[in-house]
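Asker: build me a structure from this.
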Amino acid sequence: MSRGRWGGVATFVALAALVGAACSSKGTNSTNTKPIVIGISLSASGDFSDPSAAAKKGYELWAKTVDAHGGIMGRQVQLKIVDDTSSPDQVVTNYQNLITKDKVDIVFGPFSTLLSAPAAKVANRYGYAFIEPAGGGPAIFDENLHNIFFVQPAPVVDSGTVFANYILSLPADQRPKTAGYPELDDPFAAPIAETVRQKFEAAGITTVFKQIYPAETAEFTTIVTKLAHASPDIVVGGTQVADAFGLVKAMISEKFSPKFLFLSNGSNDPVNFPDKIGASNVNGVFGAGDWFEDEKSPGNAEFVAAYHAAYGPGPIDSTSAEAYACGQILQAVVSKVGSLDNGKIIAALHQGSWASVEGNLSWNSVGEPQGQDLLVEWIGGKLVPVYPASVALAAPTIPKPNWAG
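Answerer: Numbers count the residues shown, from 1 in each chain. Prediction:
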């Protein structure tokens, strides 16, 4: 993989030292014993409540871990988390209040591009760095803001590219001939499917179905009936979370099982996907991944052990790792600059690469990460990386088995 995931041993060593001796920083605030307050808006309700709950676990686990080792610059970390109800309007109000009324020292981002894009503009207005775990769609980078740092290996729009590359690497007799694209009207989801569609059409895979559906769509039978009638070999869903579950449940109900199924989001949730569509129906479904439990990224083994100690056994949602990584990045940059000054943090993060459980990350001038994602698939009831070969833990299963019902 690229340097954006696993390169940079020196950065890893520096990060490991930071965890054990965070309080030894020689920053200008070393005599200040007040908590460092980090403001965060998350969705306790609405479309993004499930992934926001995972992000909350990651944020809180990082804060607990760093505080157990002396805090940052000798100061404990305090998270101030407020509910945005999955609303772009509320998220703007939340960050406005966190910065101007609560006067937090630092802000971390919410879940989704829909919320992160307007939130980042508020942070930028006040000169705050915007380190965020799950808002990497084109809309946020189109703002051309210098304060954004998307803490994943690749921009969201590129997350389906690894799937397209895999499909186009197949022998001609295995490659799909036709494709369908159900797409949520969402700045995160639709661009992923559109990027894949353009690559497929350029390679001769014919589009036989495309439909953009609104965010309020709750019943997917009509969409799936049309999709099934078009009978594409491959379905690429530009999905968020609830709609991904809804689409698959409608496919199961309508007994439409394409040979290949990729969902931009939802299928990559190891916790909720089996529960929502039935554990016997997950096998063969593809998704894009930025993290998995067994990868050898900086601090990952420690994160996984701490997560299970705190929250018990079972799969870990990658959103928890993304949120935890935001904390790691903050630790590393504050240790380097010796200050909580947001201007200094922004300037430093635009230089070099930074170690985290998401790999070693670097960003361009508008916050796009410079690495690549991986392809994951449900095999034997588990979500595992299958492509590229350098990180695969299993060979892809194709075609997708029929639904178990």
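Asker: and for residue 372, the neighbour number?
Answerer: 20 (other C-beta atoms under 10 Å). Every residue, glycine included, has its C-beta placed from N, CA and C.
Asker: where in the stretch 1-150 of the chain is pLDDT low?
Answerer: Applying pLDDT under 70 to the stretch 1-150 of the chain flags residues 1-30.
Asker: you'd agree residue 131 is in a helix?
Answerer: No - in this structure, residue 131 is strand, not part of a helix, as judged by DSSP: H, G, I helix; E, B strand; the rest coil.
Asker: can I assume it is in contact with residue 151?
Answerer: Yes - Residue 131 is within contact range of residue 151, at 6.3 Å (criterion: C-beta atoms under 8 Å).
Asker: which of the two has more residues huddled nearby?
Answerer: residue 151 (31 against 27).
Asker: how does this protein divide into domains?
Answerer: Structural domains assigned to the chain are 3-156+293-349, 158-291+375-387, following automatic domain parsing.
Asker: gap between the residue nearest in space to the middle of the chain and residue 55?
Answerer: Note on the chain: the residue nearest the mean C-alpha position is residue 134, at 4.3 Å, using C-alpha atoms, centre = their mean. Note on residue 134: its distance to residue 55, by C-beta to C-beta, to the nearest Å, is 7 Å.
Asker: where do the contact lists of the two overlap?
Answerer: Common neighbours of residue 134 and residue 55, using C-beta atoms under 8 Å, 6 or more residues apart in numbering, are 110-111, 319, 322-323.
Asker: filter the residues you listed down to just the ones in helices.
Answerer: Of those, the ones assigned to helices by DSSP state H are 319, 322-323.
Asker: about what we covered before: the residue nearest to the centre of the chain bridge partners, please.
Answerer: residue 111 (DSSP bridges).
Asker: right, and it touches residue 114 too?
Answerer: No - Residue 134 is beyond contact range of residue 114, at 10.6 Å (criterion: C-beta under 8 Å).
Asker: and residue 41, how many residues sit next to it?
Answerer: 29.
Asker: hey, where'd the helices end up in this protein?
Answerer: Under DSSP H, the chain gives helices at 3-6, 9-20, 49-68, 88-100, 113-125, 138-141, 161-169, 189-202, 221-230, 242-253, 273-277, 300-311, 318-337, 342-349.
Asker: what residues sit buried inside stretch 145-162?
Answerer: 145, 147-162 (16 or more other C-beta atoms under 10 Å).
Asker: tell me what the nearest residue to residue 393 once chain neighbours are set aside is bridged to.
Answerer: Residue nearest to residue 393 in three dimensions, not counting chain neighbours: residue 384, with 4.8 Å by C-beta to C-beta, 6 or more residues apart in numbering. Beta bridges link residue 384 to residue 377, judged by DSSP bridges.
Asker: quick check: the residue nearest to residue 286 when sequence neighbours are not counted vs residue 210, distance?
Answerer: Among residues not flanking residue 286 along the chain, residue 262 sits closest, at 4.3 Å (C-beta to C-beta, 6+ apart). Relative to residue 210, residue 262 is positioned 15 Å away (C-beta to C-beta).
Asker: likewise for residue 350?
Answerer: Separation of residue 350 from residue 210 (C-beta to C-beta): 38 Å.
Asker: give the contact list for residue 356.
Answerer: Counting by C-beta under 8 Å, 6+ apart, residue 356 has contacts 15, 151, 297-299, 325, 328-329, 332.
Asker: would you convert those residues into TSV that also reports distance to residue 257?
Answerer: As requested, the contacts of residue 356 are exported to TSV (distance: C-beta to C-beta, whole Å):
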residue	distance to residue 257
15	45
151	36
297	35
298	40
299	40
325	36
328	41
329	41
332	46
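Asker: which of these lies closest to residue 308?
Answerer: residue 299 (14.9 Å; C-beta to C-beta).
Asker: residues near the closest one, how many?
Answerer: For residue 299, using other C-beta under 10 Å, the count is 20.
Asker: do you know how far it is from residue 358?
Answerer: On the measure of C-beta to C-beta, residue 299 and residue 358 end up 10 Å apart.
Asker: also residue 236?
Answerer: Distance, residue 236 to residue 358, by C-beta to C-beta: 24 Å.
Asker: redo the shared contacts of residue 134 and residue 55 as a markdown table? Include distance to residue 396.
Answerer: What follows is those, written out as a markdown table (distance: C-beta to C-beta, whole Å):
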| residue | distance to residue 396 |
| --- | --- |
| 110 | 33 |
| 111 | 28 |
| 319 | 24 |
| 322 | 24 |
| 323 | 29 |
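Asker: closest to residue 124 among these?
Answerer: For the shared contacts of residue 134 and residue 55, the nearest to residue 124 is residue 110 (15.1 Å; C-beta to C-beta).
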